[in-house]
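J.: Got a sequence here, can you model it:
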Amino acid sequence: MTRYSSEPDNATKSSKSRGSHLRIHFKHCREITTHIKGLQVAKAQKFLDDVLAFKTIVPFTKYTGGIGRKAMAKQHKTSGDKGRWPVKATAVIRDLLSNAVANAEMKGLDTDLLYVQHAQSNQAPPGRRRTYRAHGRIGKYASQPAHVEIVLSEKAPKVGKAEEGPKKITRKQAAKGRFVKVGGA
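T.: Purely as a prediction, here's the structure:
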């Protein structure tokens, strides 16, 4: 059994999924997982499907060097207006999310109450290749794969506020209530 960086509070009400050494860009995975964290599963799946259909954009908040500005990125409540449509990484993370949902169904959890409690991506060891440069030199040509993990949990039902009894007030507050103010200002 593999170790996750974040364990759920209630293991019986949650499900997990992870992928290791995935040949997708780490920086893309980081931006996608940051955006879907905290979303309900249905909303996260719709977001990922819309990115694949180019109907919405993944806002880039950390790795923004060279990323062009897009008007579509302003739709999301994130800083900046930079974004992209990382198709390959989105498809892999969508598959991981659907795998976590299937794991939840096997546990007998209600999929309508599930939300993405934890979504994280880490850098995997780079795939090293080489490219041939001018004057007989050789340069590195490395890929930046990623490890991705997703934890889904059931939202606990909201607890209503307790009914309040008579409100206690101090003697000073009671005296202020009895005092009648007479005058202008």
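J.: Tell me which helix or strand in this protein has the weakest average pLDDT.
T.: helix 171-178 (a mean of 86; mean pLDDT, DSSP states H and E).
J.: so where is this protein shaky, pLDDT-wise?
T.: The model of the chain has pLDDT under 70 over residues 1, 183-185.
J.: Measure how buried Ile32 is and give me the count.
T.: Counted with other Cβ atoms under 10 Å, the neighbours of Ile32 add up to 27. Bear in mind the C-beta positions are built from the backbone N, C-alpha and C, glycine included.
J.: what's next to the helix or strand harbouring it, contact-wise?
T.: Under the criterion of DSSP states H and E, Ile32 resides in helix 26-36. For helix 26-36, the surrounding residues in contact (Cβ atoms under 8 Å, 6 or more residues apart in numbering) are 22, 44, 47-48, 51, 58-63, 76, 78, 84, 86, 88-90, 93, 97, 116, 119-124, 144-146, 148, 150.
J.: Just the buried residues of the residues you listed.
T.: Listed as buried from the contacts of helix 26-36 are 22, 44, 47-48, 51, 58-61, 76, 78, 84, 86, 89-90, 93, 97, 116, 119-121, 124, 144-146, 148, 150; burial here means 16 or more other Cβ atoms under 10 Å.
J.: Any idea what Ser153 is bridged to?
T.: Counting by DSSP bridges, Ser153 forms beta bridges with Ser14, Tyr115.
J.: What's the local residue count around it?
T.: So Ser153, with other Cβ under 10 Å, has 21 neighbours.
J.: residues contacting it?
T.: Neighbouring residues of Ser153 by Cβ under 8 Å, 6+ apart: 8-10, 13-14, 114-115, 117.
J.: swap in Thr78?
T.: Contacts of Thr78 by Cβ under 8 Å, 6+ apart are 35, 59, 61.
J.: Same check on Thr56?
T.: Residues in contact with Thr56 (Cβ under 8 Å, 6+ apart) are 47, 50, 72, 75.
J.: Give me the subset of the residues you listed lying in helices.
T.: Cross-referencing these against helices under DSSP state H gives 47, 50.
J.: Among the contacts of Thr56, which one has the most neighbours?
T.: Ranked by the number of neighbours (other Cβ under 10 Å), the contacts of Thr56 place Phe47 first, at 20 neighbours.
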